[in-house]
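Visitor: Predicted model and sequence follow; I will ask about them next.
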Amino acid sequence: MLTRRWYFIRFFRKWIFQSCLCRSPATHAAPAARTGEKRLVMTERDIVRYRLANQRIGSAQGTQPVEVVTALGAMQAQDYLGALWAVGLRLANGTEAVVERAIAEREIIRTWPMRGTLHFVAAKDVRWMLELLTPRIIAGSVRRCRELELDDAVFARARKLFTRALRKDRQLTRDAMMKLLEKERILTAGQRGYHILWRLAQEGLICCAARSGKQQTFALLEEWAPETRSLERGTALAELSRRYFTGHGPATLQDFVWWTGLKVSDARAGLDSVCSQLSSQTVDGTVYWMARDLPSLPEASGTTYLLPGFDEYLLGYRDRRIMLKPEHARITVLGGNGMFLPTIVTGGRVAGIWKRTLKKKKVAITASPFASPGKPWRDAVASAVERYGRFLGMSVEMAEFTTQAIDASPPLR
């Protein structure tokens, strides 16, 4: 009798514990509407339209690059020229010169805060993002460091060398940084030099500074961005969660895990801490989180945009199938998750790819749609190309349309 009672108590306690877990704010279904609040029934079409709006693509009203970068939290920037356009297309009257000036004036910074990849981050956010996100990346690079024969002693020598060379607000190009290492007999071949820069940037010692001509330069982070701040870990998780879901939503917890590189438990804790400030919708059994105050959307949703490669509109999500059909992913994303080509987005869906060819006084654009283009779509692409020309401050021409694949895409639900 006692044994049965003991097993019953154990079962009851386990049931209570699991019930509490299932009611975690980040995992349960969308909360009931507040009194007087109209509940939105969201569809896939709504998801892409709200993503365009919240990412400031469909509502380019920003006036300052730092405003855009801050709103999104971080913007992937491994392709420098493409990243300038990623910021510029989200500004009301953005130009390449305006974005580069924000970098030169130290308002936004290019460094490696997440996933081991270059991003633009607002200067005031660099320190706490590095402290939150990079320890896990550094810990995961131990094997690669061993392969490159990079140990703590080598990093310590490089750290001391760069501190001495860059102090008093000096900036050096990447080539100059490599020469410094070689002069001190620290070999840079076989990606050793790049990995040293990558590691010391993630530690918060150095960061990318303004370009010198066409060359990337580096500076000491504490001198280039002295106003950057640290945050307590829980506060940092909450802030990053809020930025992501308001700037990228509707998005899922799994999308957030992918974007940040955080452990699932940490990502869930961050979302739990701010979920009361967000709203959620369940679409086909998947919970999407977003800002509580959603922007108004126009009735028409067929606007066409030229997006750069590695844009947050695709890179910001683990599951991209709503925006990019799987059969088109092999054309758009070379190597699976490797090279993201510039895309043409119509009505929230990737409708083709494009490339630019810089000439002496103008830029030529080649568009490659996934379906046979009609005149309205050609005109829409031409309008997007003109906008890109204004960003560059150059005249543009449509070089040609080359159909990549004929496809009759089913409409979004």
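Guide: Cool, got the structure. Quick caveat, the model's predicted, so the values are computed rather than measured.

Visitor: For the residue lying closest to residue 82 once chain neighbours are set aside, grab the count of nearby residues.
Guide: With Cβ to Cβ, 6 or more residues apart in numbering as the criterion, residue 82 has its nearest non-adjacent residue at 3.4 Å, and that residue is residue 308. Placement of C-beta: from N, CA and C, glycine included. Neighbourhood size, residue 308 [other Cβ atoms under 10 Å]: 26.

Visitor: In contact with residue 308, which residues?
Guide: Going by Cβ atoms under 8 Å, 6 or more residues apart in numbering, residue 308 touches 79, 81-83, 85-86, 89, 342.

Visitor: will you turn those into JSON lines that also has secondary structure?
Guide: As requested, the contacts of residue 308 are exported to JSON lines (DSSP: H, G, I helix; E, B strand; the rest coil):
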{"residue": "79", "secondary structure": "coil"}
{"residue": "81", "secondary structure": "helix"}
{"residue": "82", "secondary structure": "helix"}
{"residue": "83", "secondary structure": "helix"}
{"residue": "85", "secondary structure": "helix"}
{"residue": "86", "secondary structure": "helix"}
{"residue": "89", "secondary structure": "coil"}
{"residue": "342", "secondary structure": "coil"}
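
Visitor: Please type out the PyMOL selection for whichever of these turn out to be buried.
Guide: Filtering the contacts of residue 308 down to the buried ones (16 or more other Cβ atoms under 10 Å) takes a single PyMOL command:
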select buried, resi 79+82+83+85+86+89+342
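
Visitor: possible to save the contacts of residue 308 as a markdown table with distance to residue 59 and pLDDT?
Guide: What follows is the contacts of residue 308, written out as a markdown table (distance: Cβ to Cβ, whole Å; pLDDT from 0 to 100):
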| residue | distance to residue 59 | pLDDT |
| --- | --- | --- |
| 79 | 24 | 96 |
| 81 | 24 | 96 |
| 82 | 21 | 97 |
| 83 | 20 | 98 |
| 85 | 17 | 98 |
| 86 | 15 | 98 |
| 89 | 12 | 96 |
| 342 | 21 | 97 |
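
Visitor: right, and the pair among the contacts of residue 308 with maximum separation?
Guide: 79 and 89 (14.0 Å; Cβ to Cβ).

Visitor: quick revisit: which one of the contacts of residue 308 is nearest to residue 274?
Guide: Nearest member of the contacts of residue 308 to residue 274, counting by Cβ to Cβ, is residue 86, at 25.2 Å.

Visitor: Can you verify my assumption that that closest one contacts residue 309?
Guide: No: in this structure residue 86 lies outside contact range of residue 309 using Cβ atoms under 8 Å: 9.2 Å.

Visitor: Just list what the biggest strand by length in the chain packs against, helices and strands only.
Guide: The single longest strand within the chain, with elements called by DSSP state E, is strand 349-358. Other elements packing on strand 349-358 under the criterion 3 or more Cβ pairs under 8 Å, 6 or more residues apart in numbering; DSSP states H and E are helix 326-332, strand 343-346, strand 362-369.

Visitor: now with 6 Å?
Guide: Applying 3 or more Cβ pairs under 6 Å, 6 or more residues apart in numbering; DSSP states H and E, one finds that strand 349-358 contacts strand 343-346, strand 362-369.

Visitor: Now it: buried residues?
Guide: Neighbour-count burial for strand 349-358 [16+ other Cβ under 10 Å]: 349-354, 356.

Visitor: strand partners of it, parallel vs antiparallel please.
Guide: Strand pairing for strand 349-358, using DSSP bridges, gives strand 343-346 (antiparallel), strand 362-369 (antiparallel).

Visitor: With mean pLDDT, distance to residue 277 and mean neighbour count added, can I get these in JSON lines?
Guide: Formatted as JSON lines, the strands paired with strand 349-358 follow (pLDDT from 0 to 100; distance: least, Cβ to Cβ, whole Å; neighbours: other Cβ atoms under 10 Å):
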{"stretch": "strand 343-346", "mean pLDDT": "97", "distance to residue 277": "29", "mean neighbour count": "23"}
{"stretch": "strand 362-369", "mean pLDDT": "93", "distance to residue 277": "40", "mean neighbour count": "18"}
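
Visitor: Present those as TSV; the columns should include distance to residue 291.
Guide: As requested, those are arranged in TSV below (distance: least, Cβ to Cβ, whole Å):
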stretch	distance to residue 291
strand 343-346	21
strand 362-369	32
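
Visitor: Of all these, which one comes closest to residue 228?
Guide: Per Cβ to Cβ, nearest to residue 228 of these: strand 343-346, 32.6 Å.

Visitor: Please save the CA atoms from the closest one in PDB.
Guide: The C-alpha trace of strand 343-346 is given here as PDB (Å, rounded to 0.1, in the frame of the first residue of the first chain):
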ATOM      1  CA  THR A 343      17.500  38.600 -54.500                       C
ATOM      2  CA  ILE A 344      14.500  40.200 -56.200                       C
ATOM      3  CA  VAL A 345      11.500  40.100 -53.800                       C
ATOM      4  CA  THR A 346       8.000  40.700 -55.000                       C
END
